[in-house]
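dropping a prediction and its sequence here:
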Amino acid sequence: MIANPVRLTSGLMILALLAACSDQGGDPSKQYGPNPDLPEAHQYLVPPMSVPQAVGWRTGETPTVPAGMRIQAMATGLMHPRIVYPLPNGDILVVEANGPGTMPFRPKDYISGKVKARAGASAKGGNRITLLRDADGDGVPEMKTVLLDHLHSPYGVAWVADTLYVANTDAIIAFPFSPGQTEITAPGTRLADLPAGPINHHWTKSMVASPDGSKLYVGVGSNSNITENGIDIEEGRAAIYEVDRLSGAKRLFATGTRNPTNLAIQPGTGQLFAVVNERDEIGPDLVPDYLTSIKDGGFYGWPYSYWGQHVDVRVHPQDPAMVATAIKPDYGLSSHVAALGLAFSQGETLSPEFANGAFVGEHGSWDRDPLNGYQVIFVPFANERPSGMPTPVLTDFLAPDKTTVHGRPVGVALDRTGALIVADDVGNAVWRVSGSVNGK
């Protein structure tokens, strides 16, 4: 006899909600920095889950910014905006997308999918790139138009030498494009395939160009939480690739990065940095997501270990030789914040406090109680490395009652005036934050 699907779903949801109440997380501030607190791991039949209901923004509502700063909506009514990318002429590209879908392999996958959907994860994506033109830099675009449509779950973008490179979920596509154009009609050329397939657990493909434009670096997430779908389907995943921009030839640049959701080049040094989402289901305070420099040939632990040599006992067989080489990340962002955005500051464009460091968009937790993330933070740097406690920059995406969420930040960038631009994929908006320094 087949169970009623409605009753089955309701039962699974109740089980998930009960699990959410069973284990309380600690103080997230203890997990920021180079040496985060790492408690004992726990095992769960169903991991703790706690997700607020997505309700969007009402007219006049915005996230909160520090005193002396101004926030405004550059665009609304978008379809799951993920990445914001300023062009040299000042135009801003907005990548609107959601995943192509993948088959759940475990009851946990089904439960977590239903729970995440409450917070807007299942909203329809545009599979397009929208162009915003704000010629006078006042934060109010004179033009909003679709630059490129009918893409396949796009995410990362990079513009080099009159070519726009788009990282779809399964390939990098190159389109002839010069800043100033408002529409791309050329079909594009397939530069390089990217790992995808019928199981495509982490579908987003982050991307950034090298300082000289000769290479593209692409982040590819794992095909599972911790190899529960089998190790074979992890081939070439949980990694950062280096792709030759002209030939499309690619090589593994770094491995063991479970889900490198965004990449950025540090100004002045040319060093590649990434924000990485770590593994789930071993506790509300494990494992901290992180911000780190990426070493050529470096291994960062997944799946065998986390935060250096902390072994994940769920993985069989283990690989002690690989664990011994695992690099400890530079900076913990606390657990389950789902860091998705990364952009380096460009001097005192917002305020002196934000002159040297990186902005990080924290999409927000789904498997932690109390909730964590749902904000944009600034991580200060010293001696070219992250150092010190972060400062909240955009907050109150999560409502005071902690049961509803207006929006969830994803990609972040700085426009030509130095204002901070933030994609909000639940609020379906792009926010612009300016300060007294730039006067706009």
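It's in.

can you pull out the residues in contact with stretch 381-391?
With C-beta atoms under 8 Å, 6 or more residues apart in numbering as the test, stretch 381-391 has contacts from 29, 32-34, 66, 266, 268-269, 271, 291, 293, 330-331, 333, 353-354, 356-358, 360, 377-380. For the C-beta atoms, the positions are set from N, CA and C on the backbone; glycine is no exception.

next, the distance between the ends of it.
12 Å (C-alpha to C-alpha, to the nearest Å).

for it, what is the average pLDDT?
For stretch 381-391, the mean per-residue pLDDT is 98.

got the buried residues for it?
For stretch 381-391, a neighbour-count test (16 or more other C-beta atoms under 10 Å) marks 381, 386, 387, 390 as buried.

of those residues, closest to residue 56?
residue 390 (26.6 Å; C-beta to C-beta).

just say helix, strand or coil for the closest residue in space to the closest one that isn't next to it in sequence.
Nearest non-adjacent residue to residue 390, counting by C-beta to C-beta, 6 or more residues apart in numbering: residue 377, 4.1 Å away. Using DSSP: H, G, I helix; E, B strand; the rest coil, the structure places residue 377 in strand.

was I right about residue 377 contacting residue 393?
Yes - if you go by C-beta atoms under 8 Å, residue 377 and residue 393 touch, sitting 6.2 Å apart.

quick one: common contacting residues for these two?
residue 359.

count of residues packed around the residue nearest to residue 299 when sequence neighbours are not counted?
Distances taken as C-beta to C-beta, 6+ apart put residue 256 closest to residue 299, at 4.4 Å, once the chain neighbours are dropped. A count of nearby residues for residue 256, using other C-beta atoms under 10 Å, gives 23.

so who does residue 256 touch?
The contact partners of residue 256, by C-beta under 8 Å, 6+ apart, come to 238, 239, 298, 299, 300, 301, 302, 304, 322, 326, 327.

now do the fourth one, the pLDDT please.
In other words, residue 299. On the pLDDT scale, residue 299 gets 98.

centre-most residue in this structure?
residue 340 (1.8 Å; C-alpha atoms, centre = their mean).

for it, give me its contacts.
Residue 340 sits next to 82, 261, 262, 275, 277, 361, 362, 363, 409, 410, 411 when contact means C-beta under 8 Å, 6+ apart.

and the pLDDT for it?
At residue 340, the predicted lDDT confidence score is 98.

now swap in residue 112 and tell me
Value for residue 112, per-residue pLDDT: 59.

list buried members of the contacts of stretch 381-391 by neighbour count.
For the contacts of stretch 381-391, buried by 16+ other C-beta under 10 Å: 32-33, 66, 266, 291, 293, 330-331, 333, 354, 356-358, 360, 377-380.

sitting in strands, which of those residues do you find?
32-33, 291, 293, 331, 333, 357-358, 360, 377-380 (DSSP state E).

buried residues in stretch 414-424?
Under the neighbour-count criterion of 16+ other C-beta under 10 Å, stretch 414-424 has 414, 415, 417, 418, 419, 420, 421, 422, 423, 424 buried.

end to end, how far does it reach?
Start-to-end, stretch 414-424 (C-alpha to C-alpha) is 15 Å.

what mean pLDDT does that stretch have?
Mean predicted confidence for stretch 414-424 is 97.

ditto for stretch 171-186
On average, stretch 171-186 scores 97.

mind listing residues that contact it?
87-89, 91, 131, 133, 143, 145-148, 151-152, 159, 162-166, 188-194, 205, 207, 216, 218, 243, 248.
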